[in-house]
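Asker: Build me a structure from this.
(one chain, ligands or ions: 1)
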Amino acid sequence: MYRVLDIIKGTTVDGPGFRTAIYFAGCSHQCPGCHNPQSWDFNGGKEMSLEDLMEIIEEEDFDVTLTGGDPLYKPGSIAILAKAIKESGHTVWLYTGFTIEEILASPSLSIPLPYIDTIVEGPFIQSLRDPDLPFRGSSNQRIIHNPYSL
Ligand code: SF4
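Answerer: Next up, the predicted model:
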């Protein structure tokens with residue numbers, strides 16, 4: 001099961017094109033200046049199954065963004081969902097507060113990588129905030145395509 005805070009269909013700010021963005025509950029990075037501290041509670045939102053999520057995703061022909069909170073705190077279940085999304089013919093962007101170095105060094109955090117087209121990584125750093133950057137909040141965060149190839 002997944003704890004989901006919100007699902008927004010047709011967003012254009014969480015990756016290219018029109019996308020379905022799924023906001024998962026829970027984050028422990030505690031970045032100062034976080035835009036969404038109410039997303040930190042791992043018991044927030046409501047419980048949804050893989051089938052519930054795929055039904056909503058398949059209502060539209062949009063690509064999908066997994067965000068939060070930080071979806072990588074549940075890497076096993078995120079891998080299962082990302083695989084199902086890929087099999088439905090859509091690309092997957094994933095937002096995480098972990099850096100790509102932390103992810104690649106961790107057998108657990110890297111479980112979803114084969115099913116992720118693009119990862120937007122790293123904590124939000126208030127002093128590096130740049131509202132002109134597309135798809136990210138601060139300039140330390142990197143947009144990495146095909147992270148599994150690393
Ligand atoms: S990773 Fe994102 S949700 Fe988590 S504390 Fe940092 S900015 Fe907030």
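Asker: Not counting residues beside it along the chain, what's closest to the closest residue to the ligand within the chain?
Answerer: Per Cβ to the nearest ligand atom, G97 is where the chain lies closest to the ligand, at 2.7 Å. Quick note: C-beta positions are derived from backbone N, CA and C, even for glycine. Closest residue to G97 apart from its sequence neighbours, by Cβ to Cβ, 6 or more residues apart in numbering: H29 at 3.7 Å.
Asker: Check which helix or strand that neighbour maps to.
Answerer: Under DSSP states H and E, no helix or strand contains H29.
Asker: residues in contact with it?
Answerer: With contact set as Cβ atoms under 8 Å, 6 or more residues apart in numbering, H29 has these partners: 70, 97-98, 123.
Asker: Specify the local secondary structure of D61.
Answerer: Under DSSP: H, G, I helix; E, B strand; the rest coil, D61 falls in the coil class.
Asker: okay, now it: neighbour count?
Answerer: Neighbour count for D61, taken as other Cβ atoms under 10 Å: 11.
Asker: Flag every residue of this protein that's near the ligand.
Answerer: Neighbours of the ligand within the chain, by Cβ under 6 Å from any ligand atom: 27, 29-31, 34, 36, 39, 68-70, 97, 123-124.
Asker: just the buried members of these?
Answerer: 27, 29, 31, 34, 39, 68-70, 97, 123-124 (16 or more other Cβ atoms under 10 Å).
Asker: Tabulate the residues you listed (TSV), appending secondary structure and pLDDT.
Answerer: Formatted as TSV, these follow (DSSP: H, G, I helix; E, B strand; the rest coil; pLDDT from 0 to 100):
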residue	secondary structure	pLDDT
C27	coil	98
H29	coil	97
C31	coil	97
C34	coil	96
S39	helix	97
G68	strand	95
G69	coil	95
D70	coil	98
G97	coil	98
P123	coil	98
F124	coil	97
